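Enquirer: Sequence plus predicted model, see below.
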Amino acid sequence: MRRQGPGTRADIGIIGGSGLYDIEGLRKVKEVAVKTPFGAPSDKVILGELDGVRVAFLSRHGRGHRINPSEINYRANIYALKSLGVNRVISVSAVGSMKESIKPGDVVLPDQFIDLTKRRASTFFEGGIVAHVAFGDPVCASIGAALLEATRAVGATVHQGGVYLCIEGPQFSTKGESRLYRQWGASVIGMTNLPEAKLAREAELCYATVALATDYDCWHETEEAVTVEGILATLRQNVLLAKQLLRTVMPAVAAVTSCRCQRALQDAIITAPDRMPAALRRKLALLIDRAVPVKKGTR
């Protein structure tokens, strides 16, 4: 599977709710069904131009919210964006707050993750090719800085840095779990940013999260326990904010043209090229050709 043609290209990918691509100023809109070696992504990708920047929107749960967090084909989603030419990804995610200071409606820009997922494919590299990418700093610092300035510019209450703890779901936490996570120092809790962030790093994509706090999970003694009804009510209020933020941040994110995130596979692939299974080498060509060039006549 190779990159898509010139008419179906984008520079920045946005993964989030399906309503995010309804942004004022989005032009030349088209839908693209992307095929990947890892199956189908969550939905068709919406391509367009936002103030001159080519963007690709992907609904993480599918339009109509049809796919639960454990069923999302994260590999296909990231691969699809990569095949469209995307090299920077902004994840927009609803989260629960694990700190008193982070109130529903606030924006958090986490810079760390804790992965408590249990049954999700979390790497592209298996079956004969091994890679160990660095993940100590899982969020792109350049995009994170741009998001911070843009969030302040639109007047939102923003918290810079923090830990996003990702659980398997789809159930919410027990009170015992929620209290434990607070002791660990978690800032917010969600169900979707992992393995998404890990796969983005393996695909050499810059990645950052805009976490929109919708509730206090179930730890807060003076607040109602988290419910879908409560989350949706706050989330609807956050949609306009997210759209304003995305449009404001586009020029700064588009300016991130060189970043170590985009060289993550350099020296990370351990398997010797001559020991790579030929079929797997072809399957992963889009991801690894830059780091492991193919010698002429070896395909």
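Expert: Structure's in. What do you need?
Enquirer: Which strands or helices does the helix or strand that contains residue 211 pack on?
Expert: Taking DSSP states H and E as the definition, one finds residue 211 inside strand 206-215. Applying 3 or more CB pairs under 8 Å, 6 or more residues apart in numbering; DSSP states H and E, one finds that strand 206-215 makes contact with strand 88-97, strand 107-109, helix 141-153, strand 188-190, helix 193-202, helix 228-254. No exception for glycine: its C-beta is placed from N, CA and C like everyone else's.
Enquirer: Show me what the second one is packed against.
Expert: Read that as strand 107-109. So strand 107-109, by 3+ CB pairs under 8 Å, 6+ apart, packs with helix 141-153, strand 158-160, strand 206-215.
Enquirer: Could you point out which of those sits nearest residue 57?
Expert: Closest approach to residue 57 among the helices and strands packed on strand 107-109 (CB to CB): strand 206-215, 13.7 Å.
Enquirer: before we move on, the earlier item: quick check: which of the helices and strands packed on strand 107-109 is buried the most?
Expert: Mean neighbour count (mean count of other CB atoms under 10 Å) peaks for strand 206-215 among the helices and strands packed on strand 107-109, with a mean of 26.
Enquirer: What strands line up against it, and which way round?
Expert: strand 88-97 (parallel), strand 107-109 (antiparallel) (DSSP bridges).
Enquirer: Could you point out which of those sits nearest residue 120?
Expert: strand 88-97 (15.4 Å).
Enquirer: so residue 205 touches residue 87, yeah?
Expert: Yes: using CB atoms under 8 Å, residue 205 is in contact with residue 87, at 5.7 Å.
Enquirer: Any idea how many residues pack against residue 190?
Expert: For residue 190, the count of nearby residues is 23 (other CB atoms under 10 Å).
Enquirer: ditto for residue 136
Expert: Residues near residue 136, counting by other CB under 10 Å: 5.
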